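Participant: Can you look at this prediction? I've put the sequence above it.
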Amino acid sequence: MLSYGTEKRHSKRIPVRLEAFILTGEKTYMGSIENVSADGFEYLVHSSIKAPEDFQHEKTVEIYFQIPSGEAVNMYCTVKWLSKGSSVDRPLTIGIKITEPSPKFKGLIQTLDIVSVN
């Protein structure tokens, strides 16, 4: 398994699955957001990766997704860690730190946090 970086959680993780796109330079990678928190999330890459350097530690990437209300969200984020499973069935998983959370994302976290408590 390929991995680097260590995750230091400061916020509660909330299970969720949102289809999303990560942009790194000229490349777009399809995947899904999992386990969100106020300052980061786990991203599963579903498309093949032609340039592993696109996800180097501390690299800035841009992410696009829709929240359940249908509103589009885009944010700049930083790659904190990655993990590649040893089998073809296991996608590349990336730990993402949100550089500047959008107001829509903050609202989503508040809503999910309330729902996860109940």
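Facilitator: Alright, I've got the coordinates.

Participant: All the strands of the protein, in order from the start?
Facilitator: 2-4, 14-24, 27-37, 40-45, 60-66, 72-84, 93-98 (DSSP state E).

Participant: Figure out which of those is closest to Gln110.
Facilitator: Distance to Gln110, taken as C-beta to C-beta, is lowest for strand 14-24 among these, at 10.4 Å. From N, CA and C alone the C-beta is placed, and that goes for glycine too.

Participant: Lys97 is in contact with Leu78, correct?
Facilitator: Just so we're on the same page, residue 78 is Thr rather than Leu. Yes - contact criterion C-beta atoms under 8 Å: Thr78 and Lys97 qualify, at 4.6 Å.

Participant: Settle it for me: which of those two has more neighbours?
Facilitator: Lys97 (18 against 15; other C-beta atoms under 10 Å).

Participant: What residues are bridge-paired with that one?
Facilitator: Gly40, Thr78 (DSSP bridges).

Participant: close enough to count as contact, it and Trp81?
Facilitator: No - shown here, Lys97 and Trp81 do not form a contact pair, counting by C-beta under 8 Å, at 9.5 Å.

Participant: Just give the closest residue to Ser47, not the sequence neighbours.
Facilitator: Among residues not flanking Ser47 along the chain, Met30 sits closest, at 4.5 Å (C-beta to C-beta, 6 or more residues apart in numbering).
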